[in-house]
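S.K.: need a 3D model of the following:
(2 chains)
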Amino acid sequence: DQQVKQNSPSLSVQEGRISILNCDYTNSMFDYFLWYKKYPAEGPTFLISISSIKDKNEDGRFTVFLNKSAKHLSLHIVPSQPGDSAVYFCAASPFTGGGNKLTFGTGTQLKVEL
Amino acid sequence: DSGVTQTPKHLITATGQRVTLRCSPRSGDLSVYWYQQSLDQGLQFLIHYYNGEERAKGNILERFSAQQFPDLHSELNLSSLELGDSALYFCASSVGTNRGNSPLHFGNGTRLTVT
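M.R.: Numbers count the residues shown, from 1 in each chain, chains lettered A, B, ... in the order given. Next up is the predicted model:
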């Protein structure tokens, strides 16, 4: 039962353009949503998060949007840079869950081309 | 550098064998989590320790066990290995526990190959 789904295994974007990565979830108990970025041979690194009381959170070139009614969130990267090429994991947690309740999606491989 | 250290980086072993994966959390972090990533899968939560005590179990097989020592490092023991146990095993740490907005800090993982 995939409670967090990333339906696009890969995405290719030109440098300077916007990258939009999508994530859907099914569990209405999820209150926090996080994005992690992973380079080859490294562990995932935290990128940005959003709580369910917000619909947008911005950090530099990265913005996460949350649509609770649709159980959908997206990560926007503007402008995209070659160094953004990585696998991006969406993750979700209920408020009191912490790491032990973190549910990950299967990831989207982003390739930013010159 | 996340500050989380995992050893070894790679491990190749045969079916039926037993291995131990080691994790040292970031300085000051009391929680250690173990995750498994199989091919084309997301990270699956295995087990969580906080300050030496087991706090939660996920989809961890009975053949697998873990512990966290007084110096806060943790070991994940995998026994009676099967081909399907081949995966990346990640350790992550955080300062506390039970806060959904507290991001985890991951190590670089141990790639286990069972032949």
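S.K.: what's around the residue in chain A positioned nearest to chain B, how many residues?
M.R.: Closest contact between chain A and chain B, by CB to the nearest CB, is at residue A:43 (3.2 Å). The way it works is simple: take the backbone N, C-alpha and C, and place the C-beta from them, glycine included. By other CB atoms under 10 Å in any protein chain shown, 23 other residues sit near residue A:43.
S.K.: ok, and the closest non-adjacent residue to it?
M.R.: In space, and not counting its chain neighbours, residue A:43 is closest to residue B:106: 3.2 Å by CB to CB, 6 or more residues apart in numbering or on different chains.
S.K.: any idea which element the residue of chain A closest to chain B lies in?
M.R.: Using DSSP states H and E, residue A:43 maps to neither a helix nor a strand.
S.K.: wait, it sits on residue B:4?
M.R.: Yes. Counting by CB atoms under 8 Å, residue A:43 does reach residue B:4; the two are 7.1 Å apart.
S.K.: what's across from the residue nearest to residue A:43 in the sheet?
M.R.: On the basis of DSSP bridges, residue B:106 is bridged to residue B:92.
S.K.: surely it touches residue B:2?
M.R.: Yes. Using CB under 8 Å, residue B:106 is in contact with residue B:2, at 5.9 Å.
S.K.: can you pick out the residue with more neighbours from these two?
M.R.: Between residue B:106 and residue B:2, counted using other CB under 10 Å, residue B:106 has the larger neighbour count: 23 against 20.
S.K.: touching, residue A:18 and residue A:84? I think so.
M.R.: No. In this structure residue A:18 lies outside contact range of residue A:84 using CB under 8 Å: 11.1 Å.
S.K.: more neighbours: those two, which one.
M.R.: More crowded of residue A:18 and residue A:84, by other CB under 10 Å: residue A:84, with 18 against 13.
S.K.: common neighbours of residue B:106 and residue B:2, please.
M.R.: A:43, A:45 (CB atoms under 8 Å, 6 or more residues apart in numbering or on different chains).
S.K.: for the closest residue to residue B:59 other than its chain neighbours, which residues are in contact?
M.R.: Spatial nearest neighbour of residue B:59, chain neighbours left out: residue B:44 (5.6 Å); criterion: CB to CB, 6+ apart. Applying CB under 8 Å, 6+ apart, we find residue B:44 in contact with A:104, B:35-38, B:58-59.
S.K.: next one: residue A:63
M.R.: A:48, A:56-57, A:75-76, A:78.
S.K.: overlap of the contact sets of residue A:43 and residue B:4?
M.R.: Common neighbours of residue A:43 and residue B:4 (CB under 8 Å, 6+ apart) are B:92, B:106-107.
S.K.: of those, closest to chain A?
M.R.: Of the shared contacts of residue A:43 and residue B:4, the one sitting nearest to chain A (CB to the nearest CB) turns out to be residue B:106, at 3.2 Å.
S.K.: state the pLDDT value of that closest one.
M.R.: In this model, residue B:106 is scored at 95, pLDDT.
S.K.: run through the bridge partners of the residue nearest to the spatial centre of chain B.
M.R.: Chain B has residue B:34 as the residue nearest its centroid, 2.9 Å off, counting by CA atoms, centre = their mean. Beta-bridge partners for residue B:34, by DSSP bridges, are residue B:47, residue B:91.
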